[in-house]
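1. My questions are about this predicted structure, shown below with the sequence.
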Amino acid sequence: MVRRTVLLLFAASVLCLTPGLRADESHATPNAEALAAVKAADQLKTEGKFQDAASKYQDALKLDKNMEAAQVGLAMSLLRSGKLDAALDAATAAFTSHPDSAPVMVVLGRVQFRLGDMGDAEEAYHAALQIDSTNVDVYLGLAHLYRAYSLYAHAYAALKRAHDLDPHNPDIQLMWMQTLPRHDRLAVLEAYMSGLRQPSPGLQRYESYLKKTQDEPPHSCKVASNVEQTEIKLEPVHDPYPHIEGLGLELKVNDRSHVLLLDTGASGVLISRKAAEKAGLRHITDIAVGGIGDQGDRSGYLALADKIKVGSLEFHDCIVTVTNRASLTNSDADGLVGADVFASFLVDLDLPHKVMRLSPLPKRPGDEEVVAKLDSEDQSDEPAVAAESTDNTPGEAYRPKDRYVAPDMKSWTTVLRFGHMLLVPTQLNASKPLLFLLDTGAFQNTLSTHAARSTAKVDNSPMWIEGESGRVADVYRAEKVDIQFAHFHQPNVNAVTFDMSNISHSVGTEISGTLGFNLLSMLDIKIDYRDGLVDFVYRDRAGVTH
């Protein structure tokens with residue numbers, strides 16, 4: 001968890017730190033052969049050949065075991081190739097050799113952030129700032145860290161400092177782009193992509209989307225009714241009947257009714273092509289639709305709906321995601337709706353009573369009244385998406401704010417937010433806190449292979465599950481797992497386990513499992529997406545709240 005002193009530490013690091021001496025200033029110059037190996041490794045790393053780069057850095061370290069550039073490069077290459085334990089070992093070895101090196105502390109922070117050890121990552125970043133207050137990588141790391149904790153003003157201050165120091169840094173450009181009005185992003189994205197050997201498909205799709213919508217006004221999906229709050233009945237979604245997979249709600253898209261699975265692990269509104277055609281949605285641009293599974297992304301497109309109605313609320317001018325699959329799940333639902341769609345409301349998912357309530361978020365001090373909207377667009381395909389809305393109009397300043405904890409929400413659980421994903425600190429069999437995805441769209445609790453094998457007994461009899469990207473390979477079951485989160489403890493849980501490294505890699509931090517519908521269905525879950533806060537309430541048969 002972010003330390004209580006985070007605000008003071010950050011202010012001190014920005015305003016009054018000066019660079020310190022480096023321990024290796026007195027070291028002898030590394031030999032020419034080791035330098036040549038590092039140069040070759042740097043080139044391989046630039047080309048994305050991380051395993052080959054790691055091998056070259058190791059060659060350099062055989063010649064000079066304490067060579068800082070080789071140690072830092074090795075840790076980063078192992079991190080980028082997904083070898084997290086080895087990356088931590090390499091970063092720790094670099095720290096032992098160079099405890100007062102800013103680049104070493106930065107790479108240690110990056111490895112710890114990827115492992116989900118946020119407190120340790122923050123300490124490493126601040127140690128780097130104590131050494132060198134002009135290191136742009138540490139400000140970039142802090143920007144990601146603070147954003148995950150919904151400290152958007154702090155994230156922006158760190159990012160702005162990095163941008164002021166090095167506005168042409170590609171990683172900074174990509175993140176800075178998200179602070180700009182949408183119509184200003186295309187030029188920045190094109191400049192960024194021009195420096196890449198092979199831009200990712202996600203970047204190419206986002207570029208296409210910006211090109212096709214740059215002359216259009218933002219499709220903001222703003223509320224068109226005078227209703228501030230509503231209560232919506234949730235309907236059982238079966239897979240197959242009578243087995244309940246989850247709960248869905250009715251959405252009217254251009255007056256066509258659809259029952260969509262309510263999924264806190266998904267983003268936006270996702271419907272089938274057949275449903276989109278019946279609703280008369282306008283095609284905007286092709287995209288890929290992905291999720292859990294090992295068969296790759298599926299084809300789809302973004303489309304424009306004139307209006308969407310949910311409960312007594314009506315929204316106009318909304319972008320939705322359409323998949324070309326005949327069926328999104330094995331259930332009887334017409335699609336998925338991510339709970340983040342309602343992020344401008346306080347979301348109350350009373351799952352035992354099958355009701356969703358939407359009400360205004362607590363007003364932050366100094367806030368003007370904000371027009372509610374429906375975040376219907378799946379933003380998972382955008383690079384470095386900010387959780388605070390960045391669809392500001394031309395000329396409007398970007399003024400993000402930090403998380404606000406209202407007086408009656410002080411007992412709520414602080415979660416990390418990565419785009420639409422809410423990650424809940426969770427313990428397995430009294431382990432250190434791990435990060436679990438809050439996922440009403442997954443029927444069962446799941447564990448990553450790494451978390452399961454390090455904390456529980458795993459039954460190696462294979463199972464079969466399927467997600468948005470097809471069948472999942474190598475699925476097993478972890479036996480008798482004690483799960484503890486917020487103020488709840490559930491012992492002797494059997495949990496599905498499979499390799500979640502692809503999901504963790506795309507998010508940027510380690511997801512050790514999911515809290516699924518079979519557990520969450522017993523709870524009333526209140527979500528404040530804006531501030532990264534969740535309240536879990538359990539009422540027993542006598543109606544007593546726990």
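-> Now that the structure is in, tell me what you want to look at.

2. my guess is Ala452 contacts Val458, does it?
-> Yes: at 5.3 Å, Ala452 and Val458 qualify as touching, with contact defined as CB atoms under 8 Å. The way it works is simple: take the backbone N, C-alpha and C, and place the C-beta from them, glycine included.

3. what about the two, which has more around it?
-> Higher neighbour count among Ala452 and Val458: Ala452, with 24 against 17, using other CB atoms under 10 Å.

4. Thr449 reaches Ala495, doesn't it?
-> No: using CB under 8 Å, Thr449 makes no contact with Ala495, being 11.6 Å away.

5. Report the contact partners of Gln198.
-> Gly48 (CB atoms under 8 Å, 6 or more residues apart in numbering).

6. Stretch 94-103 - what's its average pLDDT?
-> Stretch 94-103 shows an average pLDDT of 97 in the prediction.

7. Correction: the previous question concerned stretch 442-459.
-> 83.

8. now swap in stretch 175-193 and tell me
-> Stretch 175-193 comes out at a mean pLDDT of 88.

9. Flag every buried residue along it.
-> Within stretch 175-193, the residues that count as buried by 16 or more other CB atoms under 10 Å are 175-180, 182-183, 185-186, 188-189, 192-193.

10. residue ranges of the strands in the stretch 251-400 of the chain, please?
-> Here the stretch 251-400 of the chain has its strands, by DSSP state E, counting those that start in this stretch, at 256-263, 269-272, 282-289, 298-310, 313-323, 335-338, 346-350, 355-359.

11. can you list the ones you listed in CSV and add distance to Trp412?
-> CSV is the format used below for the strands of the stretch 251-400 of the chain (distance: least, CB to CB, whole Å):
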stretch, distance to Trp412
strand 256-263, 20
strand 269-272, 27
strand 282-289, 32
strand 298-310, 24
strand 313-323, 24
strand 335-338, 21
strand 346-350, 11
strand 355-359, 15
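
12. looking at the ones you listed, which one has the lowest mean pLDDT?
-> The minimum mean pLDDT among the strands of the stretch 251-400 of the chain belongs to strand 282-289 (a mean of 82).

13. Give me the buried positions along that one.
-> 284-285, 287-289.

14. So what touches stretch 274-286?
-> By CB under 8 Å, 6+ apart, the residues outside stretch 274-286 that reach it are 205, 208-209, 212-213, 253-256, 258, 271, 299-305, 319-320, 322, 326, 334-335.

15. just stretch 47-60 next, same as before
-> With contact meaning CB under 8 Å, 6+ apart, stretch 47-60 is reached by 30, 34-35, 37-38, 40-42, 44-45, 67, 69-71, 73-74, 77-78, 80-81, 83, 197-198.

16. how close does Asp367 sit to Leu374?
-> 20 Å (CB to CB, to the nearest Å).

17. Which one's more surrounded, these two?
-> Applying other CB under 10 Å to Asp367 and Leu374 shows that Leu374 carries more neighbours, namely 30 against 11.

18. Please identify the most buried of the strands of the stretch 251-400 of the chain.
-> strand 335-338 (a mean of 28; mean count of other CB atoms under 10 Å).

19. May I see the buried residues of strand 282-289 arranged in CSV, with distance to Lys363 as well?
-> Below are the buried residues of strand 282-289 laid out as CSV (distance: CB to CB, whole Å):
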residue, distance to Lys363
Ile284, 34
Thr285, 37
Ile287, 36
Ala288, 39
Val289, 36
